[in-house]
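Participant: fold the following, please.
(chains A and B)
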Protein chains: 2
Amino acid sequence: MATATALQVNCDRMLHRLDQLAQIGSIPGGGVCRLALTDEDKAGRDQVVAWMKALGLTITVDQLGNVVGTRPGLEAGPPVMTGSHIDTVATGGRYDGNLGVLAGLEVIETLNERQIQTRYPLAVAFFTNEEGARFHPDMMGSWVFSGGFPVEAALAEVGTDGTTVAKELERIGYAGTVPCGSQPVKAFVELHVEQGPVLDQERIQIGAVTGVQGMIWQEFTVKGVSNHAGTTPMHLRHDAGYGASAIAVAARQLALEMGGNQVATVGSIQTKPGLVNVIAKEARLTVDLRNTDSALLHQAEAQLNNKIQEIATAEGLEITSRSLARFEPVAFDPAMIDLVAQTAAGLGLSVKHMPSGAGHDAGMIAAIAPTAMIFVPSVDGISHNVKEYTAPQDLENGANILLQVLLKLAL
Amino acid sequence: MATATALQVNCDRMLHRLDQLAQIGSIPGGGVCRLALTDEDKAGRDQVVAWMKALGLTITVDQLGNVVGTRPGLEAGPPVMTGSHIDTVATGGRYDGNLGVLAGLEVIETLNERQIQTRYPLAVAFFTNEEGARFHPDMMGSWVFSGGFPVEAALAEVGTDGTTVAKELERIGYAGTVPCGSQPVKAFVELHVEQGPVLDQERIQIGAVTGVQGMIWQEFTVKGVSNHAGTTPMHLRHDAGYGASAIAVAARQLALEMGGNQVATVGSIQTKPGLVNVIAKEARLTVDLRNTDSALLHQAEAQLNNKIQEIATAEGLEITSRSLARFEPVAFDPAMIDLVAQTAAGLGLSVKHMPSGAGHDAGMIAAIAPTAMIFVPSVDGISHNVKEYTAPQDLENGANILLQVLLKLAL
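Facilitator: Model (predicted):
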């Protein structure tokens, strides 16, 4: 094991790949827009697959476009897997997801250079549509990969632009033939930027992630009565725009009152007809609720629904909801969490055990394999934003821990 | 005067014209979409001008596309004028504006049939862009006609679709040559549906309008920080969507607390990037404040601005505003109001003195001529909506009062 411990990734090489991938779908300010299954996503996929092939990995593409590159072990059987995603939100950064995939490739290249054979196969995967920005739900690929969501339902999903997952997979050439759910995994580790401010604010180098927050995404449609903004007395209004605003304010109030890990976000509000002098007839809004504790998450949902019912009754509005995504909180494997924490400590890095506030592919894969995640700091916690940034030293630390953890699992 | 009092409009003929005009730009449910200066507006204008010509009126079109059809009097000089507008909101009804113009034509036709000559000229006008749904501000045409707003500024206004008033007037052939502000008016009376629920609820037949509420339209742009909805603790957020919602809730709360005639409406809210799992970076909303009392209206604006400043400070948001329209409350001419009320009472109709909650062209013309308005009931107060409805008997009552009032002013 002495050789393995001395082994380190080539950070410059990894940074170069991160730079190259970030050119594809680049947007002003250094960010990236590679929404799932767009032309930009295809170009990014083609680049990563080309790298995988150059490293000698065997490529499989499943029915939902999840791509796995495998390096054989001395024994056959399920691989020790790492990976993440390369799709981004419309205003994404260059590290979210991409780091986990390209650090995986860097681990493979480091092992190739040193001609280190592992006992078990090693695999690097990237999963389709982790962000959920174009097609709901997010973590779609890893959820289907781990058998939690039917591939037929995922393929039939209609995107924000009216296209379907199936058609777009066909169009970009990533409608593979490997059945989803047919690939067992021995263990899974995902390296990811924190996407939150905790490590950066506390100046800690590595997060040993204990699990993923559960989340509930809902879209509410508020129906009222369109009417003249000047002539309709306040008490006779059925104002859908007010209803939506009141829900948004209530969601935030609820999260503040519950405290702890509870967060609530209304990311989208739209009113119709959306005119200055017309009381809105309809409004739509999304509500994203998250908590690490399942019971508290469901309590938040119930309390918000009660509040929404109160608003509907008080204002004479019809409010309906549509579920966009629901994920229960995930607790990672204790032995895997310890492995990450001890590896980091062994390399002299500071470590914090922490939950993930964001959903991740690892949260899905945890259903079928012992799983853990490694977090590195995000400056100011900024993510889903072109200003997302992690310092090179932190990227290198994360990749070196990934290397050591994968070796301990696969050697 | 005995002859004049016995005189009545031909209601069927007026209803037929209302029907015909409502076919132009008709939308499902019986409503109309003839946004100012669109192809539909042009077709509506062409139809009304054709009717005016058939009635022998002399047509003028001014630089802003305001159209006046004049019937000569025994004496030359400024006409006694009636009129309104024929543009609609995107989800408009068929009576708003159109009734005032077509009732004016019906009065002319009734006088023509009976070969009644008036001492002063009579004129029927329709004013450009009363609704303000495509180009701000509303009441644009009558405001420029009465010299309150510079024609150059109106022509340069950029619409919601990026076009300008000048270009669209040229395109539809209504960029006239008569200088705006050059046409004196002896007196002005506008017949309009109430667009509010008061007459309908109180089962009163005619409103003698005492004046028009003042109004302040503002657009607020809220700038925050886009960030991940899962990983950003509530207390570290700068959520533009929440800021906009809090303003909408505060506006309504303010109007309820002030009571009286104060109303407040947030008709449009939009968030960017508008994704379920991204804290909004920017939000835009409109606020429409109205009151019949100038001091109270300005108090409402000041209180709302204070509240918005509080929200900006508490949430770390940058909130800027843009004025879309400002109109001081208007008080109509007392003798003109009495004339409407007494004429209605003389015909055995119930009358209520009431302010107008909506802005109207008459509110602009009041700056240059003794002015009054006649309201007829709107069922359930519904307006700016395809369900806008006024019963034929009420339409007929309104037109007959318009006829009598115009005769009393012009004979």
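
Participant: drop to CA atoms for contacts and neighbour counts, all remaining ones
Facilitator: Fine.

Participant: C-alpha coordinates for the helix or strand hosting A:Ala314, CSV please?
Facilitator: Assigned by DSSP states H and E, A:Ala314 falls within helix A:294-315. Extracted in CSV, the C-alpha atoms of helix A:294-315 (Å, rounded to 0.1, in the frame of the first residue of the first chain):
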residue,chain,number,x,y,z
SER,A,294,-37.4,12.7,6.2
ALA,A,295,-40.0,13.4,8.9
LEU,A,296,-39.2,17.1,8.9
LEU,A,297,-39.3,17.3,5.2
HIS,A,298,-42.8,15.8,5.1
GLN,A,299,-43.8,18.1,7.9
ALA,A,300,-42.7,21.1,5.8
GLU,A,301,-44.7,19.8,2.9
ALA,A,302,-47.8,19.3,5.0
GLN,A,303,-47.5,22.7,6.6
LEU,A,304,-47.0,24.4,3.3
ASN,A,305,-50.0,22.6,1.8
ASN,A,306,-52.1,23.7,4.7
LYS,A,307,-51.0,27.3,4.2
ILE,A,308,-51.7,27.1,0.5
GLN,A,309,-55.2,25.8,1.3
GLU,A,310,-55.8,28.7,3.6
ILE,A,311,-54.7,31.1,0.9
ALA,A,312,-57.0,29.5,-1.7
THR,A,313,-59.9,29.7,0.7
ALA,A,314,-59.3,33.3,1.8
GLU,A,315,-58.8,34.5,-1.8
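
Participant: may I have the strand or helix carrying A:Ala123 as PDB, with CA atoms only?
Facilitator: In the assignment (DSSP H and E), A:Ala123 maps to strand A:122-126. C-alpha atoms of strand A:122-126 as PDB (Å, rounded to 0.1, in the frame of the first residue of the first chain):
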ATOM      1  CA  LEU A 122     -12.700   0.400 -12.200                       C
ATOM      2  CA  ALA A 123     -15.300   2.400 -14.000                       C
ATOM      3  CA  VAL A 124     -15.900   6.100 -14.700                       C
ATOM      4  CA  ALA A 125     -19.500   7.000 -15.500                       C
ATOM      5  CA  PHE A 126     -21.500  10.100 -16.500                       C
END
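
Participant: who are the packing partners of the helix holding A:Ala314?
Facilitator: With contacts taken as 3 or more C-alpha pairs under 8 Å, 6 or more residues apart in numbering or on different chains; DSSP states H and E, helix A:294-315 sits against strand A:214-223, helix A:240-258, strand A:282-291, strand A:318-327.

Participant: now the angle from it to helix A:240-258?
Facilitator: If you take axes from the mean of the first three to the mean of the last three C-alpha atoms, to 10 degrees, helix A:294-315 sits at 150 degrees to helix A:240-258.

Participant: so how far is helix A:294-315 off the chain centroid?
Facilitator: Centroid separation between helix A:294-315 and its chain, computed with C-alpha atoms, centre = their mean, to the nearest Å, is 26 Å.

Participant: contacting residues around that helix?
Facilitator: With contacts defined as C-alpha atoms under 8 Å, 6 or more residues apart in numbering or on different chains, helix A:294-315 is touched by A:214-216, A:237-239, A:243, A:246-247, A:250-251, A:254-255, A:258, A:262, A:289-291, A:317-319, A:328-329.

Participant: so how far is A:Asp87 from A:Ala50?
Facilitator: Using C-alpha to C-alpha, to the nearest Å, we find A:Ala50 at a distance of 17 Å from A:Asp87.

Participant: do A:Gly44 as well
Facilitator: 8 Å.

Participant: which one's more surrounded, these two?
Facilitator: Using other C-alpha atoms under 10 Å in any protein chain shown, the more surrounded residue of A:Gly44 and A:Asp87 is A:Asp87, with 31 against 22.

Participant: helices of the stretch 301-411 of chain A, start to end?
Facilitator: Along the stretch 301-411 of chain A, counting by DSSP state H, counting those that start in this stretch, helices occupy A:334-346, A:361-365, A:392-410.

Participant: now the ones you listed in a markdown table, with distance to A:Ala187, mean neighbour count and mean pLDDT?
Facilitator: Below are these laid out as a markdown table (distance: least, C-alpha to C-alpha, whole Å; neighbours: other C-alpha atoms under 10 Å in any protein chain shown; pLDDT from 0 to 100):
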| stretch | distance to A:Ala187 | mean neighbour count | mean pLDDT |
| --- | --- | --- | --- |
| helix A:334-346 | 9 | 19 | 97 |
| helix A:361-365 | 9 | 27 | 96 |
| helix A:392-410 | 8 | 22 | 98 |
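
Participant: so which of these comes closest to chain B?
Facilitator: Closest approach to chain B among the helices of the stretch 301-411 of chain A (C-alpha to the nearest C-alpha): helix A:361-365, 13.9 Å.

Participant: and chain B, is the closest one touching that?
Facilitator: No: Helix A:361-365 is not in contact with chain B by C-alpha under 8 Å from any C-alpha of the partner chain; minimum separation 13.9 Å.

Participant: show residues contacting that helix.
Facilitator: A:84-85, A:127, A:130, A:139, A:142-143, A:145-146, A:148, A:188-190, A:211-212, A:330, A:332, A:371-373.

Participant: out of those, list just those in helices.
Facilitator: The helices, defined by DSSP state H, take in A:Ser142, A:Trp143, A:Phe145 from the contacts of helix A:361-365.

Participant: hang on, the last one packs against A:Gly181?
Facilitator: I take that to be A:Phe145. Yes: shown here, A:Phe145 and A:Gly181 form a contact pair, counting by C-alpha atoms under 8 Å, at 4.9 Å.

Participant: redo the helices of the stretch 301-411 of chain A as TSV? Include distance to A:Thr91.
Facilitator: As requested, those are arranged in TSV below (distance: least, C-alpha to C-alpha, whole Å):
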stretch	distance to A:Thr91
helix A:334-346	31
helix A:361-365	20
helix A:392-410	21
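
Participant: near chain B, which residues of the stretch 301-411 of chain A?
Facilitator: Residues of the stretch 301-411 of chain A lying close to chain B by C-alpha under 8 Å from any C-alpha are A:Ser356, A:Gly357, A:Ala358, A:Gly359, A:Gly381, A:Ile382, A:Ser383, A:His384, A:Asn385.

Participant: quick one: which of these sit in strands?
Facilitator: A:Ser356 (DSSP state E).

Participant: most neighbours among the residues of the stretch 301-411 of chain A next to chain B, which one?
Facilitator: Highest count within these by other C-alpha under 10 Å belongs to A:Ser383, 30 neighbours.

Participant: contacts only, for the nearest residue to A:Lys53 once chain neighbours are set aside.
Facilitator: Closest residue to A:Lys53 apart from its sequence neighbours, by C-alpha to C-alpha, 6 or more residues apart in numbering or on different chains: A:Ile59 at 7.4 Å. Going by C-alpha under 8 Å, 6+ apart, A:Ile59 touches A:Val49, A:Met52, A:Lys53, A:Val67, A:Val68, A:Gly69, A:Thr70.

Participant: right, I'll call it a day here.
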